[in-house]
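**Q** the amino acid sequence is not available; the structure is as follows:
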């Protein structure tokens, strides 16, 4: 259950003044109306710049790797919070080193879609099916809890695709992959991607080329989906950050669903649960091993 | 077995600047005790390519192993050694090309693209005393320069030649036979040193910067070429400056990660200067104007 | 200068004819975003108003992957073969900012001492059909007007489509290359004096919005003074090097060279690369001249606003604003430029 209700600037100021944390990682007003920018408040007076509203899109957990072993506070939406729990599950950060400032969120505005309409700025489509509007483990809540309408566990689009023929699935996969320009933004934005040398960059051996051939593009994504199996929390940062609108969540969600069904595990949900990648049980399913 | 001629290989009839000359490895010499530095003597498959590969000392070339990649390597032989070109390559465990080269054998074909870069400032060296300082593996283009300067047609164009070359240990000195021969010549003054001697070493022991301070080469009417690892440069340059060597007269040859070698791919820049076309040789005076990002 | 008056239908009919003889890359919609891509039918052609494509037309001159040469290796020997010659192509509907980006690429790849003949061969067979924008429809995120570029700028194009508003465009024939593809125009009238006057007024209106704020010698000098500014620590903090900016940028041209082999056949290719990744400058020895994001973030800005000017007299930025739109952390180049400009103006105060 999340902790007590506080005003963001007040609690941030307090945490900095009392030196409980060395930095509050949050958001501040960005360069345009629908874009907030990340902000690192280090001095108590800087807390005055912190904001939280429907423009705060970026998953700030990506920054936690920089502060390993140090005390930080971080503003997290429900989706971002799963990334924090995921990192705790993987022993990348300790729960006691992070103060979670939970931000209940009804959805984040999609700036590109907003620029194209004059009416009410639309949310990202993934926000409309979000099941974690309210953070669950926050030390403090910086806004009042919001309504959590019933939401599907995984993207319905993925469920539909999973039901269709292999030819249709293959065609859909090729179509998505053909949009990719291998800029690696998805990898660089992902809080769970923190290998010091990514398999895509290795030269000895060189696992993959980075040409525009579909085989290279597919190899990168398939590699990444599998490396994230049991680790992806479904935060959506990859898809929102992709400049070419590749539907990455479709595939990450498929792997997430498989992991749930096979191992009963979801990354970023239960801090105490053991990741299937990090333990072995005699009754682990192995019907997919040929 | 046919070999494609390299020129005129695009629709415009202009040479493809990315296509290497085919060369054969004629001979491989292991230069050091650790056996991770080897000199490759290369012969052009097409004799006319040798005259196209008209280089100056201090320039480099991109050595290709087709299927693996390319690496920028300083040219280790003199332009007046007409029958071959030599490159001395250190193998890095992380280097795919250097590793592939070290696994190759005489008779194997590799590729050569170049010559590239600006080379040492020969015009400025006319009539001057030349001081050449080097440490470790970086001696390759200095060795090329010495071979060139000692050629009878070139020797009279410069005055005194002083060389200070050091390595970590006697086993790590490159071109040992040549350097020892040069110590006996009267038209060049060679000081060899090692950081740490072994039982068989009868020569000098001392770090290069220290030896430079002991030898005290005169800065009078002199040009200094210095090529070595960052730590050697860091301690030697102040010694040179104390001896009165001007920044405009002291030249370094820099290393950078490179790909195209022709100033297009954007990788090897130090500020506005590309090491592959404006360098790799820079004077200290020029380097001080650039961001310290090298 | 010859001019024609065209409407959208006529433009599409023309493009349809062009497709019979040329590859044509133009703005198209794909899955909800507008990109430059090779046209399959003229019906896909977009003539964007109030918006620019997500990715630029850069791929038509510097493909994401380009074969430098083919090779075959066998028993320690190798033979090579050149890549196929480029096919004649048209970049259709390219905005003035992106045309100036082509000029940057031309300068870099033409530069002595080693002109890039692969790029030049492709450039030679490329015709540019520019597309203007009504001054009132310039998107907010664009700042090309502060780089001396006007929305109705027809410089460096072979042909230029100037919108008059509504469905009308004046097509200006500017070069011989342009005339060659204009030959397949469906029959169309020339603009009447009224329409020419409208064009003149729109052009004047567009030109009036132009300044040299980020391309002036004073600004360049201010940038140079900024090398050691703490601005870069701030920028580096909020940049996670996702590299989206460099991939969408019409002037970014850094590339990697790799060998791709299958059995004894292979090719040496170049792929788009980015100065934002740490492996970009990493030496085999482990040394890295730009080891932290601070140096890399600064490198990108300096390459665009300092080194480009020093080496070619051109800013390596055309103010299209794609980087600001794409940045997931909402770092905005314009904000940085304004900060630099502000410091500059403070310095001149008594």
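**A** Cool, the structure landed. Every value quoted in this text rests on a predicted model; they were computed, and no experiment measured them. Residues are numbered from 1 along each chain as shown, chains lettered A, B, ... in the order given.
**Q** got the buried residues for the helix or strand of chain A with the lowest mean pLDDT?
**A** The helix or strand of chain A with the poorest confidence is helix A:111-115; it has a mean of 85 (mean pLDDT, DSSP states H and E). Going by neighbour count (16 or more other Cβ atoms under 10 Å in any protein chain shown), the buried part of helix A:111-115 is A:111-112, A:114-115. For glycine as for every other residue, the C-beta is placed from the backbone atoms N, C-alpha and C.
**Q** so is it next to chain C?
**A** Yes. Applying Cβ under 8 Å from any Cβ of the partner chain, one finds helix A:111-115 in contact with chain C at A:111-112.
**Q** if we can go back for a sec, wait, which of the buried residues of helix A:111-115 is closest to residue B:212?
**A** residue A:111 (60.6 Å; Cβ to Cβ).
**Q** quick check: the closest one touching residue A:30?
**A** No. Proximity of residue A:111 to residue A:30 does not meet the contact threshold set by Cβ atoms under 8 Å, at 9.1 Å.
**Q** shared neighbours of these two, which are they?
**A** Here residue A:111 and residue A:30 share the contacting residues residue A:55, scored by Cβ atoms under 8 Å, 6 or more residues apart in numbering or on different chains.
**Q** what ranges do the helices span in the stretch 101-250 of chain B?
**A** Taking DSSP state H, counting those that start in this stretch, the helices of the stretch 101-250 of chain B run over residues B:122-125, B:140-150, B:176-183, B:208-215, B:230-242.
**Q** sheet partners, orientation included, of the helix or strand that the last one is followed by?
**A** On the C-terminal side of helix B:230-242, the nearest following helix or strand under DSSP states H and E is strand B:250-253. Looking at strand B:250-253 with DSSP bridges, its partner strands are strand B:222-227 (parallel), strand B:281-283 (antiparallel).
**Q** contacts for strand B:250-253 next, please.
**A** Residues contacting strand B:250-253 (Cβ under 8 Å, 6+ apart): B:58, B:74, B:120-121, B:138, B:141, B:223-227, B:233, B:237, B:240, B:279-284, B:287.
**Q** after it, which helix or strand is next? Please name it.
**A** strand B:269-270.
**Q** can you list the strands that the helix or strand just after that next one pairs with?
**A** Heading C-terminal from strand B:269-270, the first helix or strand you meet, by DSSP H and E, is strand B:273-274. Strand pairing for strand B:273-274, determined by DSSP bridges: strand B:269-270 (antiparallel).
**Q** sorry, back to before: what sits up against the least confident helix or strand of chain A?
**A** Outside of helix A:111-115, the residues within contact range by Cβ under 8 Å, 6+ apart are A:32-35, A:55, A:121-122, C:33, C:325.
**Q** which parts of the stretch 101-250 of chain A are helices?
**A** A:111-115, A:125-128, A:156-163, A:166-177, A:185-189, A:214-227, A:237-241, A:248-263.
**Q** would you mark the buried spots in the longest one?
**A** Same thing as helix A:248-263. Neighbour counts over helix A:248-263 (16+ other Cβ under 10 Å) mark A:248-257, A:259-260, A:262-263 as buried.
**Q** give me the most central residue, the chain.
**A** Using chain A. What sits nearest the mean C-alpha location of chain A, by Cα atoms, centre = their mean, is residue A:235, with 2.8 Å.
**Q** actually it's chain C I care about, not the one you picked
**A** residue C:250 (2.8 Å).
**Q** so it, which of the three states?
**A** Following DSSP: H, G, I helix; E, B strand; the rest coil, the label given to residue C:250 is coil.
**Q** pipe the contacts of helix A:111-115 into CSV and attach neighbour count, secondary structure and distance to residue C:156 per row.
**A** Output for the contacts of helix A:111-115, formatted as CSV (neighbours: other Cβ atoms under 10 Å in any protein chain shown; DSSP: H, G, I helix; E, B strand; the rest coil; distance: Cβ to Cβ, whole Å):
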residue, neighbour count, secondary structure, distance to residue C:156
A:32, 19, strand, 30
A:33, 13, coil, 34
A:34, 18, coil, 34
A:35, 24, strand, 33
A:55, 22, coil, 38
A:121, 17, coil, 38
A:122, 16, coil, 38
C:33, 15, strand, 27
C:325, 23, helix, 24
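**Q** residue contacts, residue 229?
**A** In the absence of a named chain, this looks at chain A. Contacts of residue A:229 by Cβ under 8 Å, 6+ apart are A:255, A:258-259, A:277.
**Q** sorry, I should have been clearer: chain B.
**A** B:135-136, B:138.
**Q** ok, and the closest non-adjacent residue to residue 17?
**A** Chain wasn't specified; assuming chain A. Distances taken as Cβ to Cβ, 6 or more residues apart in numbering or on different chains place residue A:44 nearest to residue A:17, at 4.6 Å, with adjacent residues excluded.
**Q** wait, chain C was what I had in mind.
**A** Nearest to residue C:17 is residue C:184, by Cβ to Cβ, 6+ apart, at 4.2 Å.
**Q** can you tell me which of the contacts of helix A:111-115 is nearest chain B?
**A** Checking the contacts of helix A:111-115 against chain B with Cβ to the nearest Cβ, the nearest one is residue C:325 at 22.9 Å.
**Q** so that closest one touches residue C:141, yeah?
**A** Yes. Counting by Cβ under 8 Å, residue C:141 is a contact partner of residue C:325 at 5.6 Å.
**Q** any idea of the pLDDT on the closest residue to residue A:250 other than its chain neighbours?
**A** Of all residues not flanking residue A:250 in the chain, residue A:158 sits nearest, at 5.0 Å (Cβ to Cβ, 6+ apart). Residue A:158 carries a pLDDT value of 89.
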